[in-house]
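Participant: Can you look at this prediction? I've put the sequence above it.
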Amino acid sequence: MFQPRSIQSSLSIKDKILSIDYVLVISILILGIVSMFAMYSTDGGEFKYHTKSHILRFSIFFLMFLFLSFIQIRFWHSTSYLIYIFCFILLVGVKYFGLTSSGSQRWLNFYFMNLQPSELMKIGLILFLAKYYHRISIENINRLKFLFLPIVVLIAPVLLVIMQPDLGTALLIAAGGITVAWLAGVRAKFFAYASLIFISLLPIAISFLKPYQKARILTFLNPEKDPLGAGYQIIQSKIAIGSGGLFGKGFLNGSQSYLDYLPEKHTDFIFTLFSEEFGFSGSLFILLLYAIIIWRIVKIGNITRSNFGKLYCYSFATAFFIYVVVNMGMVLGLLPIVGSPLPIMSYGGSSMMAIMLGLGITMACKIYKDIPVN
Amino acid sequence: MLNSTSGNTFIKSKLISRRMFLLTAAKGIVLIGVLGRLISLQINESKKYKTLSDKNRFREWKLAPERGIIKDIFNKEIASNRQVYQIHLIPENTPSIEEVFFRLKSILNISDKKIFSLKKKIAKQKPWDPIIISDNLTWSEFSRVNLFLHELQGIEPIVSVARVYNSDSSAHILGYVSQVSAKDLKDKKYLKDMSVPGIAVGKTGLEKRLDEDIIGKVGFQRYEVNAFGKRIKQIMVDPGQAGKSFKTTLDLEVQNFVHEILKDKAASVCVMDIYNGDIVSLVSSPSYNPNAFVHGIEKKDWENLINDNKKPLINKAISGLYPPGSTIKTLVALSALENKIVRPLKTVQCTGKIELFGEKFHCWKKKGHGIVNMRSAIKRSCDVYFYEVARRLGVDRLSETAKKFGLGKKVLRDFSEERSGVVPSTEWKKKFIGQNWYLGETLHSGIGQGYFQSTPIQLCLMTAQIANGGFEIRPRIIYDKEKNNLKEYLKFKNENPGQPLPQELLVSNFELKPLFKNQENIKIIKDAMFSSSNEPGGTSYRSRLEDKRFTFAGKTGSSQIKKFTEAQREAEVKQESLNYKDRDHALFIAFAPVSDPKYAISVVVEHGGSGSKAAAPIAKKVIKKVLERHELRQFSNNLQGDTI
């Protein structure tokens, strides 16, 4: 079970390349290509800004993903806390220097791109907690003393993101962190307590919500109440998906998006557009690609030796699943519109970057699966 | 240390795997949920959402069709269409409806009440459907709106077409159109998909009867629109279909002529072709201006029409009910002959009155007519003779004959305003009044008073069916070229100029069905009517036309409004000295020309006094006019016959 370090570290370049999970890489590539076509359709069938920009981003971050795959897993382990702190500083920076767009302050302006640190924080928090639970001994996991730090590192960024305000991303960050704690073995009763506290605080939290956020929740509960106002997005999205039928209206023929009935069609509602044009078969295809990606990440978690790697891969796979399901649930009218992008498909650099970063670390877990991290 | 760490690691990794297993199971369930939703939306309910998506995509704007034209027999337009200037408002295109109305008010004369009702309408319809603000602007108003158009976003000046009636003379028979009402939508199924702003429906008369065909087919334009209501492209245009045009059997010139004669009187005239039943003229007076209704009549004008005691809105020719008075004597005599109750030469002595079971029955002539037979009794309209005949005949046999000749039932089909009148009988009285018949009532019926009620068009039909030798005809007002086959008639005319068409030829040509048992009886009645109009002492002798071409045979009548008191009878009070409302209705029926009858006419003048003084002179003028135009009419008929 324990193998000498010398054997492990002497992996040749060839070994490394051979040990890449090609199913995962190819699935991501296919999804990327599909997303380019979807983006081309949102541009009304012309090769315009969104399409160009999306292709560029995908290419850059896909290469980044491949590059990151070869970085020693030990590096990620040792810099986990630093990465988290870096993300946290960026989040604080957003509060002071961030760009504001449509009422929400989320972005930092770097000259080559507008970065959304909250997206990076999704990975940062998972890394931090994976390392944390990797390090503490099993007896300590459920001690209150050792629960203190995870709670702080989870709540601090979530609060910062809520204040931007960006409820959707905050919830997704929290979901990733909670997953790590769950996998590490924190007792179910703590989760029960936490949710009790959360529910009892909910009324207070709701009083802090912005009116538009309240409206979204109300709208979710009854979208037909105000079909031209807040319920409009959900209704139009359902119409688009439903009218796609079995095989869809055909590429570039999605009338709902082409005639601007669909809101946010290149970001949150990209799945709606695809579903409208390619129907149930198209939706199934996308769902299958995501299932393969998640399955491969879990599989890497299974074979990686270190608990850091396991914790990280399982949590990332779960978080990835949640991103996909929350987005789909949203456009299918199963969940309130909270604003969460569909990984890789949606237009948005930070999200793409964070996902590719996460996937890169996963691949590193695969390549260096037998290397102990400490 | 190493071992404990590795053991620790091992336990931890088992724990992680166990927890991951639980998570994976949860994910599986969630995934099934998402998949289920996709199946439900894209497979199960896809049809519903496809419809919704099309509803999003397409918008239709309906186009009002042009109404068909109504023409007279010479193809002169009686009801046609004209250009009108309108302004429409598309609520979606205006930034502020309040502001637009405010501006409009300063440009046009729109009342606050109207604006209020328009706003209510706007709230009810789709924001892209236009609403008509004003449907009939004058040119100066219209150009003023155009001048200020830049300040009136959402307002569209439109040149449209609307109904126009070229004269008032045919207002009653033609009826009028007006805006669709809620009741119209409920009653008329064909209006279901025709809710186009500006469409008008027929409310009365022919406009109502022909509405379904004359209204046309609504067209539409279908556009693909984007989420902001902007038209992206036109998908489909259906220009609709103009309504069917109709040709009537009326003669507009006769209509106008009669209208002029009847001016200021409460009266009606009906002229009919005695062989094919074509209604040449049907005029009710006083008339009204049907154009006033097309764009919504003013309240004041409406009230004036409603409160006028000459009842201008009623089509007296088909809805006015009058006791037929002495005109019924033709049928009483005929019925008696047919039932072999009396022989034509049987005489009765008229002393001015008879007594029956203590009740006195007076003749209109106080001194009496002396000894009269059937011919002279009709000629001089002796009441006593007909009391006697009616008494012998009985009301039920009279009623049978009267119904056969067209009384008591509607003459034109599908005119909702037409009334059927009453032909009394013992059975009728039992059923509707619940009492037994008295012999005295038979005597009243014998001179067309009492329960008898008839419309002028029924009297005209009755006359026509006597005039044509006793054959049944079906009156019509819509021209029908199939039934105008006059070839044989014209052939005979060319070969035997000046000769009337033999009966057999007529019967076969018009497929006539006899109403008589013995045609000799009909001839006796016609001859008696001739004497009434053309022999000294006849009741309408003074109104005779001596020119052979126009000579007519007729029968006067007056229907009693108020029974004379004994004192009035003694004083020989004249009708003219009574209050207008108490005067008798004056009636006259006739056919012409006597030598070769072609037309029948009935004239009713409400409260006109006596038939000979008030009704016959009108008939005289109308008969002359109609006969003068006979050749023209034949020519026009024949021309159309040839073009089939």
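Facilitator: Yes, it's here.
Participant: Number of residues surrounding the residue of the stretch 201-350 of chain A found nearest chain B?
Facilitator: Going by CB to the nearest CB, chain B is nearest to residue A:242 of the stretch 201-350 of chain A, at 2.6 Å. Backbone N, C-alpha and C define where each C-beta goes, glycine included. By other CB atoms under 10 Å in any protein chain shown, 28 other residues sit near residue A:242.
Participant: Touching, it and residue B:51? I think so.
Facilitator: No - counting by CB atoms under 8 Å, residue A:242 sits too far from residue B:51 to count as a contact (9.7 Å).
Participant: Tell me the buried residues in stretch B:396-413?
Facilitator: With burial defined by 16 or more other CB atoms under 10 Å in any protein chain shown, the residues of stretch B:396-413 counted as buried are B:397-399, B:401-402, B:404-408, B:410-412.
Participant: Any residue of stretch A:326-334 touching chain B?
Facilitator: Yes - contact of stretch A:326-334 with chain B (CB under 8 Å from any CB of the partner chain) involves A:328-329, A:332-334.
Participant: Mind putting the residues you listed into a markdown table with secondary structure and pLDDT?
Facilitator: Formatted as a markdown table, the residues of stretch A:326-334 next to chain B follow (DSSP: H, G, I helix; E, B strand; the rest coil; pLDDT from 0 to 100):
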| residue | secondary structure | pLDDT |
| --- | --- | --- |
| A:328 | helix | 95 |
| A:329 | helix | 94 |
| A:332 | coil | 93 |
| A:333 | coil | 89 |
| A:334 | coil | 90 |
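Participant: What values do phi and psi take at the residue of the stretch 201-350 of chain A closest to chain B?
Facilitator: Here is the backbone geometry of residue A:242 (degrees, to the nearest 10): phi -60, psi -40.
Participant: now residue B:217
Facilitator: With angles defined as degrees, to the nearest 10, residue B:217 sits at phi -110, psi 130.
Participant: ok, back up a step: for the residues of stretch A:326-334 next to chain B, pick the one with the most neighbours.
Facilitator: That'd be residue A:328 among the residues of stretch A:326-334 next to chain B, by other CB under 10 Å, with 27 neighbours.
Participant: what's the closest non-adjacent residue to that one?
Facilitator: Spatial nearest neighbour of residue A:328, excluding adjacent residues (CB to CB, 6 or more residues apart in numbering or on different chains): residue B:34 at 5.4 Å.
Participant: re the thing from before, apart from its neighbours in sequence, what residue is nearest the residue of the stretch 201-350 of chain A closest to chain B?
Facilitator: Leaving aside its sequence neighbours, residue A:242 sits nearest to residue B:49 (CB to CB, 6+ apart; 2.6 Å).
Participant: picking that back up, looking at the buried residues of stretch B:396-413, spot the one nearest residue B:467.
Facilitator: The closest of these to residue B:467 turns out to be residue B:405 (CB to CB; 11.3 Å).
Participant: I figured that closest one hits residue B:467, correct?
Facilitator: No - shown here, residue B:405 and residue B:467 do not form a contact pair, counting by CB under 8 Å, at 11.3 Å.
Participant: May I ask which helix or strand encompasses residue A:44?
Facilitator: Assigning secondary structure by DSSP states H and E places residue A:44 outside every helix and strand.
Participant: Could you count how many residues lie near the closest residue to it other than its chain neighbours?
Facilitator: Residue nearest to residue A:44 in three dimensions, not counting chain neighbours: residue A:258, with 6.5 Å by CB to CB, 6+ apart. Per other CB under 10 Å, the neighbour tally for residue A:258 reads 23.
Participant: So, low pLDDT: which residues of chain B?
Facilitator: Residue ranges of chain B with pLDDT under 70: B:1-6, B:482-490, B:493, B:497-498, B:500-501, B:638-644.
Participant: Go again with 50.
Facilitator: B:1-2, B:641-644 (pLDDT under 50).
Participant: Torsion angles phi and psi at residue B:322?
Facilitator: phi -140, psi 140.
Participant: Then residue B:162 would be within a helix, right?
Facilitator: No - for residue B:162, which was evaluated using DSSP: H, G, I helix; E, B strand; the rest coil, the result is strand, with no helix membership.
Participant: how close does the closest residue to it other than its chain neighbours get to residue A:38?
Facilitator: What sits nearest to residue B:162 in space, not counting adjacent residues and going by CB to CB, 6+ apart, is residue B:84, at 4.4 Å. From residue B:84 over to residue A:38 the distance is 53 Å, taken as CB to CB, to the nearest Å.
Participant: which bits of the stretch 251-374 of chain A sit near chain B?
Facilitator: Looking at chain B, the residues of the stretch 251-374 of chain A close enough under CB under 8 Å from any CB are A:255-256, A:259-261, A:275, A:279-280, A:283-284, A:287, A:291, A:294, A:298, A:301-302, A:307, A:310-311, A:314, A:318, A:321, A:325, A:328-329, A:332-334.
Participant: Just the buried ones among the residues you listed, please.
Facilitator: By 16+ other CB under 10 Å, those give A:255-256, A:259, A:261, A:275, A:279-280, A:283-284, A:287, A:294, A:298, A:301, A:307, A:310-311, A:314, A:318, A:321, A:325, A:328-329, A:332-334 as buried.
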